[in-house]
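Novice: what follows is a predicted protein model with its sequence.
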Amino acid sequence: MKLILNTPGLYLCKRGECFQIQSENEKREIAATKVDQIMITTHAALTTDAIELALEYNIDIIFLKSTGQPMGRVWHSKLGSISTIRRKQLFLQDSPLGLQLVQEWILEKMDNQIKLLKKLETNRRDEEKRALIRDALEKIEKQKDNIMSIKQSETVNSVRNMLLGYEGTAGRVYFETLGKLIPEKYAFELRSRNPAKDPFNCMLNYAYGILYSSVEKACIIAGLDPYIGIMHTDNYNKKALVYDMVEMYRGYMDEIVFRLFSTKKVQDNFFDKVEDGYYLNKEGKQLLISEYNKELEVKMNYRGRRIEFANIIQYDCHQIANRILKEDMQC
């Protein structure tokens, strides 16, 4: 589970092999064995004993911005890998494996978009809505075909703009469709980022922020350098590989957030209105995190394995690291 500290004034300390969370009104304990991440989103205090306990159990402590984006984290000093993986990452933009990986990641993203839209079509009786979904599915499938048609003799550097175009076109169709399928009160037209222009995108942005931290953790444990990307360019202090790989898992967060809206669990008071948009407040974060923690324990068929959702990202990162190690590249 992810332990979230988002109430001002909380105090986190160690009690035996448990984390004890203290507030003005109560104390509660959570066994360290049940925690995989500690996420701090507000003013809180934690003891060095609590930090040591987290490090002993390989639990990373993440400090988040109000938008859910990670801004810092505490890692165990022993985490690391052989440097061969990181050296080979530098050559992926100009290698066949690099293009193959990027194609796989974008296609996985589109497959998850298609999967969610098909699920929504099954649950719709309104023929107009069903026709809307079928039209979107056809357009996304066309962009999948375009990506698969790119020759393996190309490199990511030579077809980057083409890939971004196909991916962007599919994304616009997908979100325009979702915006017409959620309850009319929360309908939206486009994806919007920080600050979000509507409540749906607001909650989705925070969900993606959680996802970024999970992908970064999995990359580092697997020995991948999160700053050396393939599709995304290397900018100062930008975790380019995280932005590359996160595409595969966005669909899971889309489904969680859509489900919260469609089952009417979302309330207007979960959002703070600002001049340029919306931010998710404490109550909204609690709802989202609770739903996400439940999802982590769900087992699913994934790449021929029966695996918990919580372990999917780590499994993929290890597989990618092994493929990079085996690739014959000059480095």
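Specialist: Received the coordinates, thanks.
Novice: where does the stretch 101-250 of the chain have low pLDDT?
Specialist: Along the stretch 101-250 of the chain, segments meeting pLDDT under 70 span 234-237.
Novice: tell me where it has helices.
Specialist: In the stretch 101-250 of the chain, the segments counted as helices under DSSP state H, counting those that start in this stretch are 127-148, 156-181, 199-222, 240-245, 250-262.
Novice: how far out from the middle of the chain is the helix or strand that the last one is followed by?
Specialist: Toward the C-terminal end, the helix or strand that comes next after helix 250-262 (DSSP states H and E) is strand 271-274. Remark: strand 271-274 is offset 23 Å from the chain centroid, using C-alpha atoms, centre = their mean, to the nearest Å.
Novice: what average pLDDT does strand 271-274 get?
Specialist: For strand 271-274, mean pLDDT is 91.
Novice: ok, that strand: who's next to it in the sheet?
Specialist: Note on strand 271-274: by DSSP bridges, its sheet partners are strand 277-280 (antiparallel).
Novice: quick check, distance from the partner strand to the centre of its chain.
Specialist: Using C-alpha atoms, centre = their mean, the distance from the centre of strand 277-280 to the centre of the chain it belongs to is 19 Å.
Novice: same question for stretch 28-44.
Specialist: Computed by C-alpha atoms, centre = their mean, the chain-centroid distance of stretch 28-44 equals 19 Å.
Novice: what about that stretch, average pLDDT?
Specialist: Summarised as a single mean, pLDDT over stretch 28-44 is 86.
Novice: residues making contact with that stretch?
Specialist: Residues outside stretch 28-44 that contact it (C-beta atoms under 8 Å, 6 or more residues apart in numbering) are 1-12, 15, 17-21, 46, 53-54, 56-57, 59-66, 68, 210, 213-214, 217, 282, 285, 310. The C-beta positions use only the backbone N, C-alpha and C, and glycine is treated the same way.
Novice: alpha carbons only: can I get that stretch in PDB?
Specialist: C-alpha atoms of stretch 28-44 as PDB (Å, rounded to 0.1, in the frame of the first residue of the first chain):
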ATOM      1  CA  ARG A  28      -2.600   4.700  14.400                       C
ATOM      2  CA  GLU A  29       0.000   2.100  13.500                       C
ATOM      3  CA  ILE A  30       0.800   0.500  10.100                       C
ATOM      4  CA  ALA A  31       3.200  -2.500   9.800                       C
ATOM      5  CA  ALA A  32       6.200  -1.700   7.600                       C
ATOM      6  CA  THR A  33       5.700  -4.900   5.700                       C
ATOM      7  CA  LYS A  34       2.400  -3.500   4.400                       C
ATOM      8  CA  VAL A  35       3.900  -0.300   3.000                       C
ATOM      9  CA  ASP A  36       5.700   0.000  -0.300                       C
ATOM     10  CA  GLN A  37       5.900   3.800  -0.500                       C
ATOM     11  CA  ILE A  38       5.400   6.800   1.800                       C
ATOM     12  CA  MET A  39       4.100   9.900   0.000                       C
ATOM     13  CA  ILE A  40       4.200  13.300   1.700                       C
ATOM     14  CA  THR A  41       2.100  16.000   0.100                       C
ATOM     15  CA  THR A  42       1.900  18.600   2.900                       C
ATOM     16  CA  HIS A  43       3.600  20.000   6.000                       C
ATOM     17  CA  ALA A  44       4.500  17.000   8.200                       C
END
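Novice: flag every buried residue along it.
Specialist: Under the neighbour-count criterion of 16 or more other C-beta atoms under 10 Å, stretch 28-44 has 30, 32, 35, 36, 37, 38, 39, 40, 41, 42, 44 buried.
Novice: same thing with stretch 58-70?
Specialist: 59, 60, 61, 62, 63, 64, 66, 67, 68, 70.
Novice: can you tell me how far residue 103 is from residue 191?
Specialist: Residue 103 sits 22 Å away from residue 191, going by C-beta to C-beta, to the nearest Å.
Novice: gap between the one residue sitting closest to the centre of the chain and residue 25?
Specialist: The residue lying closest to the centre of the chain (C-alpha atoms, centre = their mean) is residue 211, at 2.5 Å. Residue 211 sits 32 Å away from residue 25, going by C-beta to C-beta.
Novice: if we can go back for a sec, make CSV from the helices of the stretch 101-250 of the chain and add distance to residue 270 to it.
Specialist: Below are the helices of the stretch 101-250 of the chain laid out as CSV (distance: least, C-beta to C-beta, whole Å):
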stretch, distance to residue 270
helix 127-148, 26
helix 156-181, 19
helix 199-222, 8
helix 240-245, 27
helix 250-262, 9
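Novice: among those helices, which comes closest to residue 85?
Specialist: Proximity to residue 85 (C-beta to C-beta) singles out helix 199-222 among these, at 8.3 Å.
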